[in-house]
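> sharing a sequence plus its predicted fold:
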Amino acid sequence: MEGFLFQASVFLAAAVIAVPLAARLGLGSVLGYLAAGIVIGPVLGLVVGHETQELQHFAEFGVVMMLFLIGLELEPRALWDMRHHLLGLGGLQIVLTTLAVMAGAIYLGQPTSIALAIGLIFALSSTAIVLQTLSEKGLMQTGGGRSAFSVLLTQDIAVIPMLALLPLLALPKPPGMVLGETLERLSETTAAETTPQPAHEAAAYFISNLPGWGVTLVTLAAVAAIILAGIYLINPVFRYIHTARLREMYTALALLIVIGIAFVMMLVGLSPALGAFLAGVVLANSEFRHELESDIAPFKGLLLGLFFITVGAGIDFSVLARDTFAVLGLATAVILLKGAVLYVLGLVFGLRGRSLWLFTLSLAQAGEFGFVLISFSAQQNVLPPAMSEMLLLVVALTMLITPLLFILYDWLSSRVEDIAEPQEADHIDRQAPVIVAGIGRFGQVVNRLVRSSGFNTVVLDHDLAAIQRMRRFGVKGFFGDPTRPELLRAAGLDEARVLVAALDNPEATTRLVAYARRERPDLHIIARARDRTHVFRLYKAGADDIVRELFDSSLRAGRYVLENMGLTEFEAAELEKTFYQHDRQSVRDLATLWNPDIPTVDNKDYIARAKELEKELQTMLLSQLEETAADEPRSGTGG
């Protein structure tokens, strides 16, 4: 017990010290975890090899939980829409990378069977590191991020046929070794038949001895059971748990779902991460989806961190010291070779600019499943022991380099953005009195209201996917950057009566407002603001009506609070109206004191006036409440 507590203390202390330091230096949490593992393992020797391997099996549940959470974010329809990337981009990446690495290994003098095994190992990338880093940097929804996710998902699926193929590549064994293994297997079989076994071991033994068609049927049955349980069983069980009114029961059920699925998938020889992802997709439309996310997320983060630490701690620097140039050369060759394949495939599948570089650099490493394939290959006599040690080190080094590749991407993206040619915009063949620039969640509502009221609009957006979604619902929009003057003129800026600037990017919205005001001083401009500071910028740029994204919805929520605190609907509505009018006037007042060159917290005049306005607001609201209470007796019930 003392040993376990010591190990837990060492790992947690390493994470607490290294990760915040790495984040502060802009290196990302993954590199911090890896560095922590190197320090407590090879450098200080606080953990040893077998302890690291045991913890790594436990920590791999972090990858399982991560894929479960990703599945919760993907509806089955979205997964079906990805089929071309899964089969095309992902499938080609695995095949071409395997062939390229295999050719390199043959060139270095390896037999064909060993070369093919090495190619399969290095065709895989790190699901854990890549998805964690993409999520941290907010890159998951970019073109490069979605393409990378498609490839990673395909790779996880491909692990299954790879495990089936590797034993066929086994090297011939000496007759004495074959005889010894046969006798050992016979003794194990006899012991298994005479010694009582736990139920799960008996089930695994039974499945492993089924004929091929039997294993296939059991596998399909396990997948079907997971899907059917997700559709018909999980919601009733959640409702049953809800009656207990115990928060920890939700957490226990969430863990049961993930661990149970992982066990079933491992029992039939499939990837537990793949099973968890499948279950997540099935539960994506569940009413308890957010409950599952909140319960699993903390465990996912800790276990993933533990996984990265074990990778760092497991690096064998004695092999690196013995064959420094060979190991570093192989790691560099793997990254360059995979990067070249990924770059070409990205071009073929339409990725350009930053998305292309993100796709290329994020997947250029080897992955955690490489450890599994190397260990399995060594057990099956596919790879010699000395080569297995070196390949394990190469895989770990490429994973260690991955955060640096993301830093390289950040550096490249800032330069690619300036030189990348913009995609060709749509030809705009219509004009309307209302131009809606930006069709996100804000612009959609504005456009629906105006169109449904009988007024024509022209919609512009630089997000091609958003435009295509609109077209499916019969709403015509035009792809292109709304801040480009020629597109605005083609959309009818010279004759339009109203411009709605509803872009997601605050800076782009401000530029659009400033340009439109210069070109059309008489145009009525309604602008979407991110926050109060953005309101001031838009005010100076010339917007007529400025709507903060969450202001009106927050007011409505506040009104509901007042109603449920005992105010009548009339009283709450009057207070809401007074607050709204006072806030609009306050923003105009403060806009004259706001200075873009001085942080708001350092602007003394601004702070002093803001305090005065807040006191005025309190006085006005209390006076308003007294007046309305006198006009309409309080009912004592909320709305």
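In hand now; what should we look at?
> got the CA positions of stretch 100-108 in PDB?
The C-alpha trace of stretch 100-108 is given here as PDB (Å, rounded to 0.1, in the frame of the first residue of the first chain):
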ATOM      1  CA  ALA A 100       6.400   4.000 -47.900                       C
ATOM      2  CA  VAL A 101       7.900   2.900 -44.500                       C
ATOM      3  CA  MET A 102       8.000  -0.700 -45.800                       C
ATOM      4  CA  ALA A 103      10.000   0.400 -48.800                       C
ATOM      5  CA  GLY A 104      12.400   2.300 -46.600                       C
ATOM      6  CA  ALA A 105      12.900  -0.700 -44.300                       C
ATOM      7  CA  ILE A 106      13.600  -2.900 -47.300                       C
ATOM      8  CA  TYR A 107      16.100  -0.400 -48.600                       C
ATOM      9  CA  LEU A 108      17.900  -0.600 -45.200                       C
END
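> buried residues, that stretch. List them.
100-102, 104-106 (16 or more other C-beta atoms under 10 Å). To be clear about C-beta, it is placed using only N, CA and C from the backbone, and glycine gets the same treatment.
> quick one: contacts of that stretch?
Contact with stretch 100-108 is made by 112, 114-116, 118-119, 122-123, 333-334, 337-338, 340-341, as judged by C-beta atoms under 8 Å, 6 or more residues apart in numbering.
> circling back to that earlier point, okay if I get the buried residues of stretch 100-108 as CSV plus distance to E626?
What follows is the buried residues of stretch 100-108, written out as CSV (distance: C-beta to C-beta, whole Å):
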residue, distance to E626
A100, 79
V101, 79
M102, 83
G104, 83
A105, 85
I106, 89
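> so how far is the helix or strand E293 falls within from its chain's centroid?
Assessed by DSSP states H and E, E293 sits inside helix 289-313. Its chain's C-alpha centre and that of helix 289-313 lie 13 Å apart, by C-alpha atoms, centre = their mean, to the nearest Å.
> could you point out which element follows it?
Per DSSP H and E, the first helix or strand lying C-terminal to helix 289-313 is helix 317-322.
> other SSEs contacting that next one?
Helices and strands touching helix 317-322, as assessed by 3 or more C-beta pairs under 8 Å, 6 or more residues apart in numbering; DSSP states H and E, comprise helix 324-348, helix 385-419.
> ok, of the ones you listed, where does mean pLDDT dip lowest?
When the helices and strands packed on helix 317-322 are ranked by mean pLDDT, helix 385-419 comes last with a mean of 83.
> partners of the following helix or strand past it, with directions?
Using DSSP H and E, the helix or strand that follows helix 385-419 towards the C-terminus is strand 434-437. Strand pairing for strand 434-437, determined by DSSP bridges: strand 457-461 (parallel), strand 498-501 (parallel).
> need the CA coordinates for strand 434-437. CSV is fine.
Listed in CSV are the C-alpha atoms of strand 434-437, where the atom choice follows Å, rounded to 0.1, in the frame of the first residue of the first chain:
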residue,chain,number,x,y,z
VAL,A,434,-31.1,43.8,-46.4
ILE,A,435,-27.6,42.4,-46.4
VAL,A,436,-26.8,39.8,-43.7
ALA,A,437,-23.0,39.3,-43.3
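> ok, then the element right after that strand?
Downstream of strand 434-437, the next assigned helix or strand under DSSP H and E is helix 441-452.
> sticking with the residue nearest the centre of the chain, tell me its helix or strand.
Using C-alpha atoms, centre = their mean, the residue of the chain that lies closest to the mean C-alpha position is S135, 3.9 Å off. According to DSSP H and E, S135 maps onto helix 127-136.
> tell me which residues in that helix are buried?
127-134.
> T127 reaches A273, doesn't it?
Yes. In this structure T127 lies within contact range of A273 using C-beta atoms under 8 Å: 7.1 Å.
> overlap of the contact sets of these two?
Shared contacts of T127 and A273 (C-beta under 8 Å, 6+ apart): 63, 67, 156.
> which one of those residues has the most neighbours?
L67 (29 neighbours; other C-beta atoms under 10 Å).
> dump the residue contacts of that residue.
By C-beta under 8 Å, 6+ apart, the residues touching L67 are 127, 156, 273-274, 276-277, 280.
> how about 10 Å then?
Contact analysis of L67 by C-beta atoms under 10 Å, 6 or more residues apart in numbering lists 127-128, 131, 152-153, 156, 258, 271-281, 300.
> next: S29.
Counted by C-beta under 10 Å, 6+ apart, S29 has contacts 15, 18-20, 22-23, 132-133, 136, 301, 304-305, 308, 403.
> low-scoring stretches of the stretch 51-200 of the chain, by residue?
For the stretch 51-200 of the chain, the stretches flagged by pLDDT under 70 are 51-54, 56-57, 73-82, 160, 164, 171-200.
> over to the stretch 201-350 of the chain?
Ranges of the stretch 201-350 of the chain meeting pLDDT under 70: 201-213, 215, 270-271, 287.
> redo that, cut-off 90
201-324, 349-350 (pLDDT under 90).
> ok, the contacts of stretch 100-108 vs Q380, which is closest?
I114 (12.1 Å; C-beta to C-beta).
> is it true that S135 touches I129?
No. The criterion here is C-beta atoms under 10 Å, and S135 misses it with I129 at 11.1 Å.
> quick check: E248 vs Q431, distance?
For E248, the distance to Q431 equals 60 Å [C-beta to C-beta, to the nearest Å].
> so is I526 in a helix, a strand, or just coil?
Here I526 takes the strand state, with states given by DSSP: H, G, I helix; E, B strand; the rest coil.
> look up how far S553 lies from the nearest residue to it once chain neighbours are set aside.
Counting by C-beta to C-beta, 6 or more residues apart in numbering, I526 lies nearest to D545, which is 4.5 Å off, once chain neighbours are set aside. According to C-beta to C-beta, D545 and S553 sit 17 Å apart.
> next one: Q468
Q468 is 27 Å from S553, by C-beta to C-beta.
> ok, H242 next?
In this view, H242 and S553 are 28 Å apart by C-beta to C-beta.
> check K476 too.
Using C-beta to C-beta, K476 is found at 28 Å from S553.
> who has more neighbours, these two?
The neighbour count for K476 versus S553, taken as other C-beta under 10 Å, is higher for K476 (13 against 10).
> tell me the SS of the more buried one?
From three-state DSSP, the assignment for K476 is coil.
> what does I598 give?
Following three-state DSSP, the label given to I598 is coil.
> so what's it up against?
I598 neighbours (C-beta under 10 Å, 6+ apart): 604-606.
> from those residues, pick the one nearest G353.
Within the contacts of I598, proximity to G353 (C-beta to C-beta) peaks at Y606, which comes in at 39.7 Å.
> how about the closest one, nearest residue that isn't a chain neighbour?
Excluding the flanking residues, the one nearest Y606 by C-beta to C-beta, 6+ apart is L593, at 4.6 Å.
> need the contact list for the one you found.
L593 sits next to 536, 600, 603-610 when contact means C-beta under 10 Å, 6+ apart.
> whichever of the residues you listed end up buried, select them in PyMOL.
Per 16+ other C-beta under 10 Å, the buried members of these correspond to this PyMOL selection:
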select buried, resi 536+603+606+609+610
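> is it possible to export the contacts of L593 to JSON lines including pLDDT, secondary structure and distance to T398?
Listed next are the contacts of L593 as JSON lines, based on pLDDT from 0 to 100; DSSP: H, G, I helix; E, B strand; the rest coil; distance: C-beta to C-beta, whole Å:
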{"residue": "F536", "pLDDT": "88", "secondary structure": "helix", "distance to T398": "48"}
{"residue": "T600", "pLDDT": "79", "secondary structure": "helix", "distance to T398": "45"}
{"residue": "N603", "pLDDT": "84", "secondary structure": "coil", "distance to T398": "50"}
{"residue": "K604", "pLDDT": "85", "secondary structure": "helix", "distance to T398": "54"}
{"residue": "D605", "pLDDT": "85", "secondary structure": "helix", "distance to T398": "56"}
{"residue": "Y606", "pLDDT": "84", "secondary structure": "helix", "distance to T398": "51"}
{"residue": "I607", "pLDDT": "87", "secondary structure": "helix", "distance to T398": "52"}
{"residue": "A608", "pLDDT": "87", "secondary structure": "helix", "distance to T398": "57"}
{"residue": "R609", "pLDDT": "86", "secondary structure": "helix", "distance to T398": "57"}
{"residue": "A610", "pLDDT": "86", "secondary structure": "helix", "distance to T398": "53"}
